[in-house]
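1. Okay, here's the prediction I keep looking at, along with the sequence it came from:
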Amino acid sequence: RSDTLSPGVSRPVINWVRSCANTWAPKVSFMDLTGGMDRPRFPLTPALSRKREREQNRPMNETLGAQVLAQLRTQLITGMLAPGDKVSLRTLALQLGVSMQPVRDAVARLVAERALEVTPKRSVQVPLMSLPQFRELTIIRLGIEGFAAEQAAIRHGGAEAAALRRFEATFRRESERRTPDVDAAIVANANLHFALYRAAGMPALVAIIEGLWLRIGPVLNLDLRDGENRLVSGVAARCLAALLAAVMNGDARAARAALLEDIGNTAAFIEARGVLPSG
């Protein structure tokens, strides 16, 4: 140690600094300086303890929240949830084996996207859709999803070609059965459409279409959920078969036409049922 004083620093100050250093030196090790486990343990205040707990749980909560969100999105897109259905946060948490917080986070996200709504009584439900709203979303779908079908055909299905064939085959198989599995057909139909949209090679476009399906899915699938007769009629299966053939052949115009026919047939059937309020 040097006893040389820096300008303006008195000896009592130097002595006090050395005293402090001697006092604490025995408690400090190399592991303290490198963030190791050898550091002295000091009790955390309640506030710091809660903060540390939140930081430790954040990654897990975010992962669980993503899983819950994906599950709810699937239920909305495939029509497992119908317009007006109540969404019980507690029941959903029990079904998925998670705490309430990730469920609240997922529901809040879907409310912000207008896929769910909070009623005046503070319950959460799938929004009802009026006929004008349905027609508006259908017109938007014709433009956006028709464009996606064209782009997918230009790419001959891209990396989704095998998936498109598989989902079309599943849907066709169910439509040809004497007693088809309607739920399996609906899932195959949704999977085929989104494989088509991914085949366009535009992730932003897929996100836009998913937003449309989150809102219209519960209504849209009233088509196939009308019962076995609607499915076995083969109308939807013929549209999807034509769509697949057009995409594989690289025929953008035919792909767009097949998809527009599919959307139009579904919309016309739903309107004819008279289940959507006029205003």
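-> Structure received. Numbering: from 1, shown residues only.

2. Spatially, what comes nearest to Leu92 if we skip its sequence neighbours?
-> Val103 (5.3 Å; C-beta to C-beta, 6 or more residues apart in numbering). (C-beta placed from N, C-alpha, C; glycine too.)

3. Might one say that the one you found is in contact with Val68?
-> Yes: taking contacts as C-beta atoms under 8 Å, Val103 lies within contact range of Val68: 5.4 Å.

4. and for those two, which residues touch both?
-> The contact sets of Val103 and Val68 overlap at Leu92, Leu96 (C-beta atoms under 8 Å, 6 or more residues apart in numbering).

5. Please, which helix or strand holds the residue nearest the centre of the chain?
-> The centroid of the chain falls nearest to Ala70 when counting by C-alpha atoms, centre = their mean (4.2 Å). In the assignment (DSSP states H and E), Ala70 maps to helix 46-77.

6. what helices or strands is the next helix or strand after that helix leaning on?
-> Next helix or strand after helix 46-77 toward the C-terminus (DSSP H and E): helix 89-96. If contacts are counted by 3 or more C-beta pairs under 8 Å, 6 or more residues apart in numbering; DSSP states H and E, helix 89-96 sits against helix 46-77, helix 100-112.

7. avg pLDDT for the helix or strand harbouring Glu174?
-> Here Glu174 sits within helix 161-176, counting by DSSP H and E. For helix 161-176, mean pLDDT rounds to 96.

8. oh, and call the first residue 39 from now on, that's how I've got it
-> With 39 as the first residue, the last one maps to helix 199-214.

9. CA-only coordinates of that helix in PDB, if you can.
-> Output of helix 199-214 as PDB, limited to C-alpha atoms (Å, rounded to 0.1, in the frame of the first residue of the first chain):
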ATOM      1  CA  ALA A 199     -47.700 -29.500 -51.300                       C
ATOM      2  CA  ALA A 200     -47.600 -32.700 -49.300                       C
ATOM      3  CA  ALA A 201     -49.700 -31.200 -46.600                       C
ATOM      4  CA  LEU A 202     -52.300 -30.000 -49.100                       C
ATOM      5  CA  ARG A 203     -52.600 -33.400 -50.600                       C
ATOM      6  CA  ARG A 204     -52.900 -35.000 -47.100                       C
ATOM      7  CA  PHE A 205     -55.600 -32.700 -45.800                       C
ATOM      8  CA  GLU A 206     -57.600 -32.800 -49.100                       C
ATOM      9  CA  ALA A 207     -57.600 -36.600 -48.900                       C
ATOM     10  CA  THR A 208     -58.700 -36.600 -45.300                       C
ATOM     11  CA  PHE A 209     -61.600 -34.300 -46.100                       C
ATOM     12  CA  ARG A 210     -62.700 -36.300 -49.200                       C
ATOM     13  CA  ARG A 211     -62.500 -39.500 -47.200                       C
ATOM     14  CA  GLU A 212     -64.900 -38.200 -44.500                       C
ATOM     15  CA  SER A 213     -67.300 -36.800 -47.100                       C
ATOM     16  CA  GLU A 214     -67.500 -40.200 -48.800                       C
END
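
10. Off-centre distance for that helix?
-> Offset of helix 199-214 from its chain centre (C-alpha atoms, centre = their mean, to the nearest Å): 24 Å.

11. Check the helices and strands packed on helix 127-134 for me: which has the lowest mean pLDDT.
-> Among these, helix 84-115 scores lowest, at a mean of 68.

12. picking that back up, residues contacting the helix holding Glu212, please?
-> The contact list for helix 199-214 (C-beta under 8 Å, 6+ apart) reads 195, 218-220, 222-223, 226-227, 229-230, 233-234, 237, 269-270, 272, 274-275, 278-279, 281-282, 285-286.

13. Flag the shaky bits of the chain, pLDDT-wise.
-> 39-100, 264-266 (pLDDT under 70).
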